[in-house]
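1. this one's structure only:
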Ligand code: ZN
């Protein structure tokens, strides 16, 4: 009977299916168990989506940081921006990022003749400030240098409410009434006139014009958890030498400016009576057990720049652990701020953590003060997490000169083998370059923010381990 045969067939297939399903589930479980013995962060091979992995590592719940770094003969760029779980929010950010990028490339095209030995540079950075639950201020700074003596700078503020997946406009927070305009003008005037940084560059008439503008939107005003901040672009109310000024006003001074809804939301009254608790109980991580360095064995230092990354760095950490390999991570301060747990994990596994500055700017183009700001903030963030400040730094783009050496109190460290993984994003190409160029004592440059690099690392570890290399940190290479 045909019909019977058919039913039997369906039944057999179902049993087979269920069997395969259980077997694969069992294997996955076994796999996950093995993995948890060696690493106690979620290993990538457990079937968990990238997004899930990332979100669980970010210090800013529901937000990740994206980094793009590029280096060409006539320009270099470093772009950093936040990524949310919501497509519409991401679209608005990505529109802004593309707009700034397009504008830079147009300027670059127009200014090509004026670029001498110094390449043009474009930096899009942001600061993130938690305000209240699910509300963050994202403050972008767009900085461009195109050959002239002065760079261009502009800002853009996004205030995001993740509980509603929408951006909040400043006019929802600030009551734009006539008496408030007077109050804003008076408050800012006082602050500018008293500020050591700004007073000699300040133009009162520009501020007045801004304060009473017909279409006042308070577009670059943002909140932190305790202050209302007025941010201005370069040249907007001060001379260029003042840069892009910021006036921070504590809630106690601006209560009358805020809408009732926001006074309540920000718990302004409660915060005014609260004591400031600024106790950062630093959890000191003990360093892991010493691994003996054998003097007779060939050594190699793998180094990774531009991370940490909540997906790829963790995969690399797992691979390194499999081979009992140590490496050195030159991390970006702005990403350390997002993923502190990964830095702790690195230290726990005995890897070395070096400083790659906060925003990946070309240090040779900065003033001493700016250089220190980029380096010191990063060292401080690392020290707070692992109880030890980095000894080494790697200047972004490998750009260094006597001025930078003089200003920075850390040891600069470049590399000897550069497979240009960020450019090719091709595991075989990277592996072949490393294979062809390493010798005892090599320092290999890679970037732990690309998927292809993870694959390359797997091949490199397998090959070099077979060749008898020991994988050490940069400091161990020296010792
Ligand atoms: Zn870099």
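-> Great, that's in hand. Not measured: the values here are computed from a predicted model. Numbering: from 1, shown residues only.
2. need the contact list for residue 77.
-> With contact set as Cβ atoms under 8 Å, 6 or more residues apart in numbering, residue 77 has these partners: 68-70, 104, 121-124. Glycine gets a C-beta too; all of them are placed from N, C-alpha and C.
3. Counting by contacts, list what the lengthiest strand in the chain packs against.
-> Counting residues, the longest strand found in the chain (DSSP state E) is strand 120-132. Other helices and strands packing on strand 120-132, by 3 or more Cβ pairs under 8 Å, 6 or more residues apart in numbering; DSSP states H and E, are strand 75-83, helix 87-111, strand 135-145, strand 221-223, helix 333-338.
4. any idea of the angle it forms with strand 75-83?
-> 20 degrees (axes from the mean of the first three to the mean of the last three Cα atoms, to 10 degrees).
5. So which bits of stretch 402-411 are buried?
-> 404, 407-408, 410 (16 or more other Cβ atoms under 10 Å).
6. My error: substitute stretch 71-78 in the last question.
-> Neighbour-count burial for stretch 71-78, counted by 16+ other Cβ under 10 Å, picks out 71, 75-78.
7. Please apply the same query to stretch 464-476.
-> Buried, per 16+ other Cβ under 10 Å, within stretch 464-476: 464, 469-476.
8. model confidence over it, on average?
-> Mean pLDDT, stretch 464-476: 95.
9. Would you mind measuring the gap between the ends of it?
-> 18 Å (Cα to Cα, to the nearest Å).
10. Over to stretch 461-478?
-> Stretch 461-478 end-to-end distance (Cα to Cα) = 21 Å.
11. chain center to that stretch, what's the gap?
-> From the chain centre to the centre of stretch 461-478 is a distance of 28 Å (Cα atoms, centre = their mean, to the nearest Å).
12. can you give me the helices in the stretch 151-300 of the chain?
-> For the stretch 151-300 of the chain, the helices defined by DSSP state H, counting those that start in this stretch occupy 170-173, 178-194, 204-211, 251-254, 260-265, 268-273.
13. Can you lay out these as TSV showing mean pLDDT, mean neighbour count and distance to the ion?
-> Formatted as TSV, the helices of the stretch 151-300 of the chain follow (pLDDT from 0 to 100; neighbours: other Cβ atoms under 10 Å; distance: least, Cβ to the ion, whole Å):
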stretch	mean pLDDT	mean neighbour count	distance to the ion
helix 170-173	95	17	35
helix 178-194	94	15	37
helix 204-211	96	15	38
helix 251-254	86	18	38
helix 260-265	89	14	39
helix 268-273	65	12	39
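14. need those in TSV with distance to residue 390, can you?
-> Formatted as TSV, those follow (distance: least, Cβ to Cβ, whole Å):
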stretch	distance to residue 390
helix 170-173	38
helix 178-194	36
helix 204-211	41
helix 251-254	36
helix 260-265	39
helix 268-273	35
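15. looking at the ones you listed, which is closest to residue 310?
-> Minimum separation from residue 310 across these (Cβ to Cβ) falls at helix 260-265, 29.7 Å.
16. just for the stretch 101-250 of the chain, where's the confidence low?
-> In the predicted model of the stretch 101-250 of the chain, residues 148-150 satisfy pLDDT under 70.
17. For the residue in the chain that the ion sits nearest to, give me phi and psi.
-> With Cβ to the ion, the shortest gap between the chain and the ion falls at residue 305, namely 4.0 Å. Note on residue 305: its backbone torsions stand at phi -110, psi 160 [degrees, to the nearest 10].
18. which strand residues sit across from the residue lying closest to it once chain neighbours are set aside in the sheet?
-> Residue nearest to residue 305 in three dimensions, not counting chain neighbours: residue 330, with 4.6 Å by Cβ to Cβ, 6 or more residues apart in numbering. Taking DSSP bridges as the rule, residue 330 bridges to residue 305, residue 354.
19. OK, contacts around residue 330?
-> 303-306, 354-356, 392-394, 413.
20. which bits of the protein sit near the ion?
-> Contact residues, the chain versus the ion (Cβ under 5 Å from the ion): 305-306, 396.
21. And the residues you listed, which is closest to residue 460?
-> Of the residues of the chain next to the ion, the one sitting nearest to residue 460 (Cβ to Cβ) turns out to be residue 305, at 15.7 Å.
22. I'd say residue 298 and residue 466 touch.
-> No - assessed by Cβ atoms under 8 Å, residue 298 is found out of contact with residue 466, at 11.9 Å.
23. sorry, back to before: which neighbours does the longest strand of the chain have in its sheet, and in what orientation?
-> Strand 120-132 has these strand partners (DSSP bridges): strand 75-83 (parallel), strand 135-145 (antiparallel).
24. picking that back up, a markdown table for the helices and strands packed on strand 120-132, including distance to residue 451?
-> Formatted as a markdown table, the helices and strands packed on strand 120-132 follow (distance: least, Cβ to Cβ, whole Å):
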| stretch | distance to residue 451 |
| --- | --- |
| strand 75-83 | 16 |
| helix 87-111 | 19 |
| strand 135-145 | 26 |
| strand 221-223 | 34 |
| helix 333-338 | 17 |
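25. Residue 188 and residue 207 touch, don't they?
-> Yes - applying Cβ under 8 Å, one finds residue 188 in contact with residue 207, separated by 6.0 Å.
26. List the contacts of the residue most central in space within the chain.
-> Nearest to the mean C-alpha position of the chain, by Cα atoms, centre = their mean, lies residue 335 at 2.9 Å. By Cβ under 8 Å, 6+ apart, residue 335 lies in contact with 65, 67, 306-309.
27. May I see these arranged in CSV, with distance to residue 240, pLDDT and neighbour count as well?
-> Shown next, in CSV, are the contacts of residue 335 (distance: Cβ to Cβ, whole Å; pLDDT from 0 to 100; neighbours: other Cβ atoms under 10 Å):
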residue, distance to residue 240, pLDDT, neighbour count
65, 30, 96, 23
67, 28, 96, 18
306, 31, 97, 25
307, 35, 97, 27
308, 36, 97, 28
309, 36, 96, 29
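28. Just the ones of the residues you listed in helices?
-> Among the contacts of residue 335, no member falls in helices (DSSP state H).
29. what's the span of stretch 243-261, first residue to last?
-> Distance between the two ends of stretch 243-261: 34 Å, counting by Cα to Cα.
30. Stretch 144-164 too?
-> 34 Å.
31. Tell me the helix or strand right after whatever helix or strand residue 373 lives in.
-> Secondary structure assignment for residue 373, by DSSP states H and E: helix 368-386. Next along the chain after helix 368-386, taking DSSP H and E as the criterion, comes strand 392-393.
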